[in-house]
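[1] Sharing a model that was predicted from the sequence below.
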Amino acid sequence: NAGVMQNPRHLVRRRGQEARLRCSPMKGHSHVYWYRQLPEEGLKFMVYLQKENIIDESGMPKERFSAEFPKEGPSILRIQQVVRGDSAAYFCASSPGLAGGYNEQFFGPGTRLTVL
Amino acid sequence: DAKTTQPTSMDCAEGRAANLPCNHSTISGNEYVYWYRQIHSQGPQYIIHGLKNNETNEMASLIITEDRKSSTLILPHATLRDTAVYYCIAKGAHSGGSNYKLTFGKGTLLTVNP
């Protein structure tokens, strides 16, 4: 039973480039969450998506950041024109999306983004 | 979500029980207590959750006081691989698309010593 998969595990970008982070949820999970962990800080919620829908993006910076979870394929967190302050670990979690049931979140190993 | 307070760090000897406390004095009646941990450079790992009854699974036990204002996570026989930051989170059950945000504080760094 494969867990949540994220790739790449490490990503290095120069300022101004684009970063694309991918997340494949656990089998049978239809809900995806992205969290960011800045150096020496706790994880902060960014966005919650269901298939083809953004449910809550209140934790996303207003500019340069976007997320999607298409009908087919992984969820993508996209950061345009990266700056040094975007350097962080980005974690994806998934849950089964059980209506009326408890939806525990399972986390992936994270993508560590370094902006030079 | 109710605020939680945890000690910054704790030490435990390998093979002994690790008891990690958490205060959540403002927890409301429908908020659960969740525990996650994060081993260095890895993603958070769910451990256990409970509402008011004590809970036990293959990883740990959760003891919640009768007034629900505090709880203790117990790792019965700590190993070196249990060294991690442990997070106590109080929030409503994630059900039907609500209460989905996990708010991670600074947690407790548990160091298990040989």
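    Cool, got the structure.
[2] From residue B:59, how far out is whichever residue of chain B sits closest to chain A?
    In chain B, the residue that lies nearest chain A is residue B:43 (3.5 Å; Cβ to the nearest Cβ). Using the backbone N, CA and C atoms, a C-beta is placed for each residue, glycine as well. Residue B:43 is 16 Å from residue B:59, where distance means Cβ to Cβ, to the nearest Å.
[3] before we move on, back to that, who touches the nearest residue to the residue of chain B closest to chain A once chain neighbours are set aside in this structure?
    Nearest residue to residue B:43, sequence neighbours excluded (Cβ to Cβ, 6 or more residues apart in numbering or on different chains): residue A:107, at 3.5 Å. Shown here is residue A:107, whose contacts under the criterion Cβ atoms under 8 Å, 6 or more residues apart in numbering or on different chains are A:4, A:35, A:91-93, B:43-46.
[4] follow-up on the earlier one: pick out whichever of residue B:43 and residue B:59 has more residues nearby.
    When residue B:43 is set against residue B:59 and neighbours are counted by other Cβ atoms under 10 Å in any protein chain shown, the residue ahead is residue B:43, at 22 against 15.
[5] Just name the closest of the contacts of residue A:107 to residue B:34, please.
    Within the set of the contacts of residue A:107, residue B:46 lies nearest residue B:34; the separation is 7.6 Å, counting by Cβ to Cβ.
[6] next one: phi and psi at that closest one?
    Residue B:46 adopts backbone torsions of phi -70, psi 140, taken as degrees, to the nearest 10.
[7] wait, isn't it in contact with residue A:93?
    No - under the contact definition of Cβ atoms under 8 Å, residue B:46 does not touch residue A:93, with a separation of 9.4 Å.
[8] Overlap in contacts, these two.
    Common contact partners of residue B:46 and residue A:93 (Cβ under 8 Å, 6+ apart): A:105-107.
[9] Report the closest residue of chain A relative to chain B.
    Per Cβ to the nearest Cβ, residue A:107 is where chain A lies closest to chain B, at 3.5 Å.
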